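Enquirer: Pasting the sequence and the predicted model now:
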Amino acid sequence: MSALGVFSQLMALVLALLLAPLLTGWVNQWRHWLQNKSAPSLLQPYRTLHKLFNKDSLIAEHASPLYRFAPYVVFGCMLLASAIIPTISTDLPLSPAADAIALVGLFALARVFISLAAMDVGTAFGSMGARREMLVGFLAEPALLMVMFCASMITGSTSLTTIVETLAHRDLAIYPSLLLAGVAFTMVSLAENARVPVDNPDTHLELTMIHEALVLEYSARHLALMEWAASMKLFAYSCIGLALFFPWGVAEANAPLALLLALPVLVFKLAIGGMLLAMIETASAKMRIFRVPEFLGTAFLLAVIGLLVNVLLGGT
Amino acid sequence: MIKFVPQLINLFATLILLLSFAMISQRRIVSLIHLFMIQGAALVAASFLLAYVTHQPELYISGVLTLLLKVICIPWMLHRMIRKLNVRWDVETLLNIPTTMLIGIGLVIFAFSLALPISRLSDAVAGGALGIALACVMLSFMMMITRSKAVPQVIGFLSMENGLLFAATTVTNGMPMIVEFGIALDVLVGVLILGVFMFQIREKFDSLDIHHLETLKDE
Amino acid sequence: MPSLTIAATWTHLDWVLIVVTAWLLIGVVGIAALRRFRFVAVVLFPLGAIFSVLLMAVALSAAYATPEVAVLPLGLPQLPFHLRLDNLSAFFLLLIGGVSAGVSTFAAGYFRQGEGTPPGLLCLEYHVFIASMAMVVLADDAYVFMVMWETMAFSSFFLVLANHRIPEIRSAGYLYMLVAHVGALGILLCFGVLQANTGDYTFANMRAQHLEPFWASIAFVLAVFGFGAKAGLLPLHAWLPDAHPAAPSPVSALMSGVMLKIALYGILRVGFDLLQTRIWWWGVLLMGVGLLTALFGVVFSTVQVEMKRLLAYSSIENVGLMCAGLGLSLLFSSYGMQALSALALTAALYHMLSHAFFKSLLFCSTGAVLHATGERSLGKLGGLIRTMPWVAWLTLVGVLACAGLPPFGGFVAEWLLLQSFLFTTGLPSSFLDMLVPVMAALIALIAAFSGFTMVKYFGVVFLGQPRDEKLARAHDAGRWERLGMLWLVVGCVLLGLFPNQVIALMEPVTQRLVGGGLAHTVADSSWLLVPVNIDRASYAPVIFLLGVVLTFGLAFVLVRRLYHGRLRRVPPWDCGHPWQTARMQDTAEGFGQPIQQIFDPFFRVTKQQPSAFDDKPIYDVKVEDPLWYWLYLPVARVVEKLSRIVGQLQQGRIAVYLMYSFATLIVVLLVVKR
């Protein structure tokens, strides 16, 4: 555990905290431009967070302590997730603490706490949101796990840092199973981050709510933490996608120059990713809620076929 | 560069499998035709790559033939047919889509385990893709079975032919040209006949649902 | 004349026998004080719990020791009781001791308010139950095994019938007894095959036999059938969802937490220890049956509307997962891949231990809720976190552990299981090579489902608004109940945070059974769980927990420091809707409805839906088990028909009966003359 390692770990955390709202703002801007509307400023999410933190928190009369501390737990989970995903460096002292399976478990923990908090207030919206969130989650989580397994079978490890190092160092090779895993991963991230075609992040209609229904009752600092955690989730998913499918440019241990270079590379990759996300969102229509299990089921089965193709082709 | 080619062929094979799977889970007929076109294009690309690596000019001709037929000619005919018959959706399937996909996975495992020992023996360039081609054939066959409107069944038939062609190409580095031409002619005539057939069904029953054909039994 | 052989100093086996005798004595004292609630509850049950803790300590110490044997002069003249305490038995004794300590303490507070049977009798049955389970694990020959097995079945039968005045409970008990005996028949036949015509039924003799593959396979299939009936594997599972809810909650906790594991102990003992050969398709059979059971259990648990049935189906799911782990271990072992086999076996054993703790915790919590509210249907509960905070927060730990979330014990078991499924390329058969990743996918799916079920359980029971007015008068659990649940919670947490130490305990077991172990890789670091090597996979639960707690604390403090912490209580926003009743929340059936729609072919749904013209609209949905109608009822009808045919022998006339005896006599004389 060198000083550079600790530094890169802290950098990863700080970057996740600071860049996540920026990524959300970037995606929003592109969505507006593609729909021929004028976009809000890139820094708008920061201003929204600041505004929310300043407000008084209003909590339902009969809400329990679970409701009050769920946003902190969710925020903590997302921060811990960002700490173990190799965004700019693979030299992360915390990464042995959790591997890919534990990462999926971390997301599941956050999802369970959000759903329980939504059920706590006892309104129709809350329980509906909890039910829909768990429905999306119960198919998305195994699909994500299978995508990770595709990468693990190729590299022989479930530790994310080892996966990135192995994939980046191999001679440029095309892995067909990663194609299938990539398609599955895109579908899963659209579902988990509440994007069109699964959920509309701008909606206020009951028929189309999933994520919005979960945070409906929250206000002020609790809402700020939940929204921040949601953007950090999008950031984390994008970084996982980059780590599994485009791992070049991530610094290794004892390479301070590479670390400096890794930051612009990351920003560049995320910018392109955000643009693509906005394009997918604009080009698709939101699907009906009971088509979502089919959508996610397809993602799951595509990831499983990716595993099988890997066995068939011998991992070439 | 040469060493990339087998990997690229495997990539195209995976793309073809992906498209077969996507066709099973699609409901809209226009999207089905588009997916079929892309599948044809991937097949053409794989043929060209194989021709480049094995230095067999016949595979170029085979690729061009596939391009003309599967990517341009037949999709255009299908589009025309659809516009005339005015079908857009295929809502009724024999089994619901999740069950179909689960059976699809079973078929994929079956095809892969069948092909593994053969592909280990084969010394063709892309021998490993035999399992994928076999899986495509089975998935298309299943699509033919579980759809209840005529147009997706035709597309399933054509996609099955795609898979067979791909299987032949990968294992034996292409088929003799005579066989190619014969099959191409058969497919073209088959589609024409099926088109006429569909018009007749439509006129008789005022719908393209093949369940109506069951009333033609002798009771 | 066989005699009691004891070493000069007290051995572990002696201590265990002392504990067993103590439990039996407690039971007898309970009979003497038949209707004295307070005495039984405050003195006898906690005493039993103390002996459970003693059993745990003995088991911990015996886990590393060499096996000990003893021969008791009980039983028939030529068939004394052979007993043996080896590492496998010690592991299961640890499980029995640990869980029964918590459950007995809980029962001290629970049985305070009477059920149908007098409390002294319940005390006897309860302690006979745990004593017989401990003896099953110690058994070293088929005779004492079957005697103790039957005692276990009978005592649990009487415990299930504690409220025998209710007809549903009586029929649940009948079904339980029926399936238990069908299973016992299978086990008996299995032992018959294992002793291979030598007439000596001791396990030592069975180990020494070398059966042909055909007979070994017959024995294995019989063992899976027989022990599977008790464990609740498909298709012999139908008794579980009826018997567990029918029993009083501490008994359900014991049955789910401990008894199902004893059945799996049987499979372990026969499949891994007594049978010397290992054939690959045994493992595939176990995996297949296990995964089917798990999928069935979890899908059904999501659509249940009654608390205990939900948990019962969840137990079926977990038992299926454990079987799948055992099957994978057997598969690897048959190909000689010892390290991977040890990994899978460790995963299965870890799952058994953590499931025992969190499932008993959950059943205890249903008991507390039942006592406080008198309701067991999920449709009439809700909002209990406000009136029963102790029960709610302790149950939250159990719910998180059952959903397989880090940093609790259930996650470690799943993590190990997925690791063993992952690194499997290298199996000789290509078909198996492809089957294993697909099974890993199924396990991931099942684990995600169980999260759904647990959110439904906790959310509908404890969160939201109360669905009934009398819930406002619910009281929190008493001192004893809290203590019992706290003990189980501590178990769940310790299992989650210190996996290395627990795996070190299991090392002797896996070494003996499959010849490999994880301890040498695991012992390299005390806080990091590394099954193979650190580049491959690693997990540190303590750091995980610290990370979440630290960020929680930091965020809390920083937000208050940089901004403020002001709070106001207001009516809920609810998009501006002014009127909110408790009926506007999701019901339990509504929460599970998406799953019911997706998995419709699995269920047998009878619906009654109102039309627009009904004066009194009724909406009724019953989701039932299709296997009951496809398998159990037809088999029952066939048996009835056969019995009726055979019943024609009973003519009712004495002359005919005398003729039967006469004919038999003639036949016997003819045979003897030959």
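Expert: Received the coordinates, thanks.

Enquirer: make it CA atoms for all contacts and neighbour counts henceforth
Expert: OK.

Enquirer: Could you report the neighbour count for residue A:256?
Expert: A count of nearby residues for residue A:256, using other CA atoms under 10 Å in any protein chain shown, gives 15.

Enquirer: Identify the residues contacting it.
Expert: residue A:4 (CA atoms under 8 Å, 6 or more residues apart in numbering or on different chains).

Enquirer: what's the spacing between the closest residue in space to residue A:157 that isn't next to it in sequence and residue C:96?
Expert: Residue nearest to residue A:157 in three dimensions, not counting chain neighbours: residue C:536, with 4.1 Å by CA to CA, 6 or more residues apart in numbering or on different chains. Here residue C:536 is placed at a distance of 34 Å from residue C:96 (CA to CA, to the nearest Å).

Enquirer: Same check on residue C:478?
Expert: For residue C:478, the distance to residue C:96 equals 24 Å [CA to CA].

Enquirer: Reduced to three states, what does the residue positioned nearest the centre of chain B come out as?
Expert: In chain B, the residue lying closest to the centroid (CA atoms, centre = their mean) is residue B:159, at 1.1 Å. Under DSSP: H, G, I helix; E, B strand; the rest coil, residue B:159 falls in the helix class.

Enquirer: Give the burial count for the residue of chain A at minimum distance from chain B, as a bare number.
Expert: In chain A, the residue that lies nearest chain B is residue A:176 (4.7 Å; CA to the nearest CA). Applying other CA under 10 Å, we find 24 residues neighbouring residue A:176.

Enquirer: Tell me where the stretch 501-650 of chain C has helices.
Expert: Ranges of helices in the stretch 501-650 of chain C, per DSSP state H, counting those that start in this stretch, are C:519-522, C:541-562, C:588-591, C:593-598, C:626-627, C:633-647.

Enquirer: what mean pLDDT would you report for the shortest one?
Expert: To tie it back to what came earlier, the one meant is helix C:626-627. Averaging pLDDT along helix C:626-627 gives 86.

Enquirer: hang on, the earlier thing: would a markdown table of the helices of the stretch 501-650 of chain C with distance to residue A:233 and mean neighbour count be doable?
Expert: Listed next are the helices of the stretch 501-650 of chain C as a markdown table, based on distance: least, CA to CA, whole Å; neighbours: other CA atoms under 10 Å in any protein chain shown:
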| stretch | distance to residue A:233 | mean neighbour count |
| --- | --- | --- |
| helix C:519-522 | 32 | 18 |
| helix C:541-562 | 15 | 16 |
| helix C:588-591 | 26 | 22 |
| helix C:593-598 | 25 | 16 |
| helix C:626-627 | 41 | 16 |
| helix C:633-647 | 51 | 11 |
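
Enquirer: so which of the ones you listed gets nearest chain A?
Expert: Of all the helices of the stretch 501-650 of chain C, helix C:541-562 sits nearest to chain A, with 5.0 Å by CA to the nearest CA.

Enquirer: now for the closest one, which elements pack on it?
Expert: For helix C:541-562, the packing partners by 3 or more CA pairs under 8 Å, 6 or more residues apart in numbering or on different chains; DSSP states H and E come out as helix A:65-84, helix C:479-497.

Enquirer: Might you calculate how far it sits from the centre of the chain?
Expert: Relative to the centre of its chain, helix C:541-562 is centred 36 Å away, using CA atoms, centre = their mean, to the nearest Å.

Enquirer: ditto for stretch B:99-112
Expert: Using CA atoms, centre = their mean, the mean C-alpha position of stretch B:99-112 is found 16 Å from that of the whole chain.

Enquirer: likewise stretch C:408-426?
Expert: 20 Å.

Enquirer: which outside residues touch it?
Expert: Stretch C:408-426 is contacted by residues A:101-102, A:105, A:149, A:153, A:156, A:311, C:325, C:328, C:340, C:343-344, C:346-348, C:350-351, C:354-355, C:400-406, C:433, C:436-437, C:439-440, C:443, C:492-497, C:499, C:531 when judged by CA under 8 Å, 6+ apart.

Enquirer: if you set the cut-off to 6 Å instead, what comes out?
Expert: Residues outside stretch C:408-426 that contact it (CA atoms under 6 Å, 6 or more residues apart in numbering or on different chains) are C:343-344, C:347, C:350-351, C:354, C:401, C:404-405, C:440, C:492-493, C:495-496.

Enquirer: Can you tell me which residues in chain C are near chain B?
Expert: Residues of chain C found near chain B (CA under 6 Å from any CA of the partner chain) are residue C:431.

Enquirer: Could you pick out the longest strand of chain C?
Expert: Longest strand of chain C, by residue count under DSSP state E: strand C:68-76.

Enquirer: where do the strands sit along the chain?
Expert: No chain in the question, so chain A it is. Ranges of strands in chain A, per DSSP E, are A:57-60.

Enquirer: Surely residue C:210 is within a strand?
Expert: No. Assessed with three-state DSSP, residue C:210 is coil; it does not lie in a strand.

Enquirer: Quick check: chain neighbours aside, which residue is closest to it?
Expert: With sequence-adjacent residues excluded and distances taken as CA to CA, 6+ apart, residue C:210 is closest to residue C:276, at 6.9 Å.

Enquirer: helix/strand/coil for the one you found?
Expert: Classification of residue C:276 by three-state DSSP places it in coil.

Enquirer: show me the residues around the residue nearest to the centre of chain B that make contact.
Expert: residue B:140.

Enquirer: could you redo the last one with a cut-off of 7 Å?
Expert: Going by CA atoms under 7 Å, 6 or more residues apart in numbering or on different chains, residue B:159 touches B:36, B:140.

Enquirer: In what element of secondary structure is the residue of chain B found nearest chain A found?
Expert: The minimum distance from chain B to chain A, using CA to the nearest CA, falls at residue B:11 (4.7 Å). Assessed by DSSP states H and E, residue B:11 sits inside helix B:4-24.

Enquirer: quick one: the residue of chain A closest to chain B from residue C:430, how far?
Expert: 19 Å.
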